[in-house]
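A.B. asks: Test case, fold it:
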Amino acid sequence: MGSIKDDRGYNQGFRQSKALEIRTERRCDYVIQQMDKSESAFVLEIGCGTGEMSSILARKTSMEVLGTDLCVPFIEEAKRQYQLPNLQYRVLDFHHPDLGEQKFDYIVGNGILHHLHNNLDQTLQNLKALLKEDGKIIFLEPNIYNPYCFLIFNTLPVFRKMANLEPDEMAFSDSFITKALRKHNYREIKVEYKDFLLPNTPDFLINPSISVGAVLEKTPILKMISQSIFISAKK
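C.D. replies: As a prediction, the model looks like this:
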């Protein structure tokens, strides 16, 4: 399956497929489970890419959703594809976030924090500054214990180059992100190993993959090779 590159030439996701569509919807459902779904809530997605996750959150919750990304073509595509009264998109470089006085009940992202690995301390501070009191972050990040993630992130540089990774990218472990969140005084930290559905799964294997993954997610040791860790924490 081909990857989607940003305007700097780095891989930022996968091209659309039935498996990816189902995978994204399932991830959004998990994110929504961590929310109280108040219609008055404000949600910020950082690194929204071409806007799929933000659009699903807006459609399923009626909350006000702002999707942001530093890639101008991605934001232009998101605006073209998804138009809802409670959904907006905006170009934003999260290394230097400028949202004025606006605060959010939830800040979410799908595979974003690991792009900011070398500036994670500043990123976590930025997130707290943008959250309302008792606001929550909810992120899905690549799991360094997953064999594929370990191969491309943490072995030979040639694999990083083949995957078109950014210089700062590094997958996380449960202990690494938990320690970072505690350092910045986040509360109610929750980290789970989840998701065994690959974006390029053939259509006839999607349901079996979901069924097997549901069992593996509950199996000690084996759950640690899931694709992702799901992270939530309160300000």
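A.B. asks: Enumerate the positions of the longest helix anywhere in the chain that are buried.
C.D. replies: Secondary structure of the chain per DSSP state H: the longest helix is helix 18-33. Residues A19, L20, I22, R23, T24, R27, C28, Y30, V31, I32 are the ones in helix 18-33 that count as buried (16 or more other C-beta atoms under 10 Å). For the C-beta atoms, the positions are set from N, CA and C on the backbone; glycine is no exception.
A.B. asks: next one: stretch 185-201
C.D. replies: Y186, I189, V191, E192, Y193, K194, D195, F196, L197, L198, P199, T201.
A.B. asks: Over to stretch 31-48?
C.D. replies: V31, I32, Q34, M35, A41, F42, V43, L44, E45, I46, G47, C48.
A.B. asks: give me every residue that touches the residue nearest to the last one when sequence neighbours are not counted.
C.D. replies: This points to C48. Distances taken as C-beta to C-beta, 6 or more residues apart in numbering place G67 nearest to C48, at 3.4 Å, with adjacent residues excluded. Each residue near G67 by C-beta atoms under 8 Å, 6 or more residues apart in numbering is listed here: E45, C48, G51, M53, S54, S55, I75, A78, L87, Q88, Y89, R90.
A.B. asks: I'd guess G67 is in a strand, am I close?
C.D. replies: Yes: assignment of G67 by DSSP: H, G, I helix; E, B strand; the rest coil places it within a strand.
A.B. asks: ok, it to G47 distance?
C.D. replies: With distances taken as C-beta to C-beta, to the nearest Å, G67 is found 9 Å from G47.
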